[in-house]
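*Asks:* Everything below, folded, please.
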Amino acid sequence: MFEEYLITHCSPTLASLKPASLFLYRFSSEEELYESVAVWDAQFQKKGIRITILRENTDTALIYVYRPEAMIRELSRPEINVFLLNIGYPSGTVDQLLAELRIRLQASTEFPHEIGVFLGYPLQDVLGFIKNHGSNCKGMGDWKVYGDLGEAQKTFAKFKKCREIYADLWHQGRTIWQLTVAV
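*Replies:* Numbering: from 1, shown residues only. Purely as a prediction, here's the structure:
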């Protein structure tokens, strides 16, 4: 079951097309959740990927799968860094920024939409979503587009094709380990 979520929601990250992915996982027990995350995190680390829980409720967890090196590059871009500082994030490592995101996910009744920058979405689209409260977008795909619709549509098509290929290969017997690109 956990593997299917990884294939369905994280293929572009596993293929190194995207720095991070996120999915909501319904678990049967906390033991099963923690074991799945620990096992996959240990395996993925060998290929430059981490997996962690960002938020946990009674029977669901928000699972974050990311490439630390790609996230370092993404989050240290000056415009992203300034954006995060302006909304109260500390200056720090990816782990420190994720710790702050976890706090915001747990404590807030409003979803922290800056999560888009932690998923590699264009900053213009994240800012547009926040400013417009999710309305008035130019188009939608993996995220709502407020900036360059043409580029976003190319990216959406690339991610969709990746998911289709990964799902087909996985159903043919390839393992997630075999499908995960090492960096």
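*Asks:* Now do whichever strand or helix holds residue 42, average pLDDT.
*Replies:* Per DSSP states H and E, residue 42 falls inside helix 30-45. The average pLDDT for helix 30-45 rounds to 96.
*Asks:* any low-confidence regions in this protein?
*Replies:* For the chain, the stretches flagged by pLDDT under 70 are 108.
*Asks:* if I pick the spatially most central residue of the chain, what's in contact with it?
*Replies:* Centroid-nearest residue in the chain, with CA atoms, centre = their mean: residue 21, separated by 2.3 Å. The contact partners of residue 21, by CB atoms under 8 Å, 6 or more residues apart in numbering, come to 9-10, 12-13, 64-66, 119. Heads up, the C-betas are built off the backbone N, CA and C, glycines and all.
*Asks:* so what's it bridging to?
*Replies:* residue 65 (DSSP bridges).
*Asks:* Now the next helix or strand after the helix holding residue 42: buried residues?
*Replies:* Per DSSP H and E, the first helix or strand lying C-terminal to helix 30-45 is strand 50-56. The neighbour-count check on strand 50-56 (16 or more other CB atoms under 10 Å) flags 50-51, 54, 56 as buried.
*Asks:* So which of the contacts of residue 21 is the closest to residue 181?
*Replies:* Distance to residue 181 across the contacts of residue 21 (CB to CB) is lowest for residue 13, with 9.5 Å.
*Asks:* what are the phi and psi values for residue 87?
*Replies:* phi -100, psi 20 (degrees, to the nearest 10).
*Asks:* next one: residue 166
*Replies:* Torsion angles, degrees, to the nearest 10, at residue 166: phi -60, psi -40.
*Asks:* before we move on, what about residue 18?
*Replies:* phi -140, psi 140.
*Asks:* swap in residue 25?
*Replies:* phi -110, psi 130.
*Asks:* In contact with it, which residues?
*Replies:* By CB under 8 Å, 6+ apart, the neighbours of residue 25 are 2, 5, 33, 60-63.
*Asks:* Right, I'll call it a day here.
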